[in-house]
Structure formats: C-alpha cells, structure tokens
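Sequence first, predicted coordinates after that:
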Amino acid sequence: KYLSLPLIISRLTKQHCAPLIEKIQARVNSWATKTLSYTGRLQLIKSTLASLQVFWSSTLLLSSAITKECEKLMRRFLWGGKGNSLKQSLVKWSKVCLPWQEDGLGIKPMKSWNQALLLK
C-alpha cells in the first residue's frame with residue numbers, strides 16, 4: 001500500500017477496495033448519531049464522502065460493483081440518516097446526480113467521475 005491505496009498490477013478486486021468502503025461506512029456511522037437535515041447530509045456527502053472516492057478514482061479504475069456499493073451507502077445516508085437502514089427514497093438517484101441547473105442535487109455520479117479522473 002502507498003498512501004492507503006493498493007499497489008497492484010492486476011485487475012482491482014472488491015477485496016482491494018474494502019478499505020474505501022469501510023472508510024465510507026465508518027464516516028456514515030459516526031454521523032448517524034447526529035441530528036442532521038437533508039441539506040446537512042447532502043453537504044457531508046458532497047464534501048467528505050465524494051472526496052474519499054475522488055482520491056481513489058484519481059489513480060485507480062474502480063469496478064462498477066465498488067461504485068454501486070459506495071453510492072448505496074451515500075443514498076441510504078442521504079435518505080435515512082444511517083448507512084445501513086432502508087428507507088424509501090424521495091427522488092430517483094439519477095435525478096439526485098443531476099447538476100443544480102437541471103433540478104438535481106449536484107452529486108456527481110461515481111462511475112463517470114472515475115472515468116473522467118483517469119482520463120486527465
């Protein structure tokens with residue numbers, strides 16, 4: 001490992017990305033005890049959780065299973081306040097990922113963001 005990123009030559013597996021998912025889960029669990037509004041949870045997702053993913057995405061191509069798992073944790077935190085609780089979402093995730101100008105919430109989709117960072 002270097003800077004908490006795995007140093008591998010082969011294809012990245014889910015076991016290699018387990019620290020990313022564990023970090024996101026730990027952050028969500030630490031915030032779950034606080035009473036936060038939707039806006040507060042949205043701000044935490046956009047500033048903290050997305051930055052963890054951007055750090056990993058800038059050097060590694062994350063599989064779709066990893067991005068789906070991370071987005072699932074973000075989705076559950078946004079709507080339910082806890083990363084492991086199931087609560088009915090109010091808006092489709094694809095609508096949430098749209099920019100503010102298109103009536104979305106401005107969360108960047110992880111898969112396309114990962115590809116864009118690798119093309120830089």
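Ah, there it is.

hey, let's count contacts and neighbours off CA atoms from now on
OK.

Now do Arg75: how many residues are near it, please.
22 (other CA atoms under 10 Å).

correction: Lys108
For Lys108, using other CA under 10 Å, the count is 16.

just checking, it touches Lys95?
No: the criterion here is CA atoms under 8 Å, and Lys108 misses it with Lys95 at 10.8 Å.

Which strands or helices does the helix ranked longest in the chain pack on?
With secondary structure taken from DSSP state H, the chain has its longest helix at helix 64-80. With contacts defined as 3 or more CA pairs under 8 Å, 6 or more residues apart in numbering; DSSP states H and E, helix 64-80 has these neighbours: helix 18-31, helix 38-44, helix 110-118.

Excluding sequence neighbours, find me the nearest residue to Gly104.
What sits nearest to Gly104 in space, not counting adjacent residues and going by CA to CA, 6 or more residues apart in numbering, is Leu98, at 4.2 Å.
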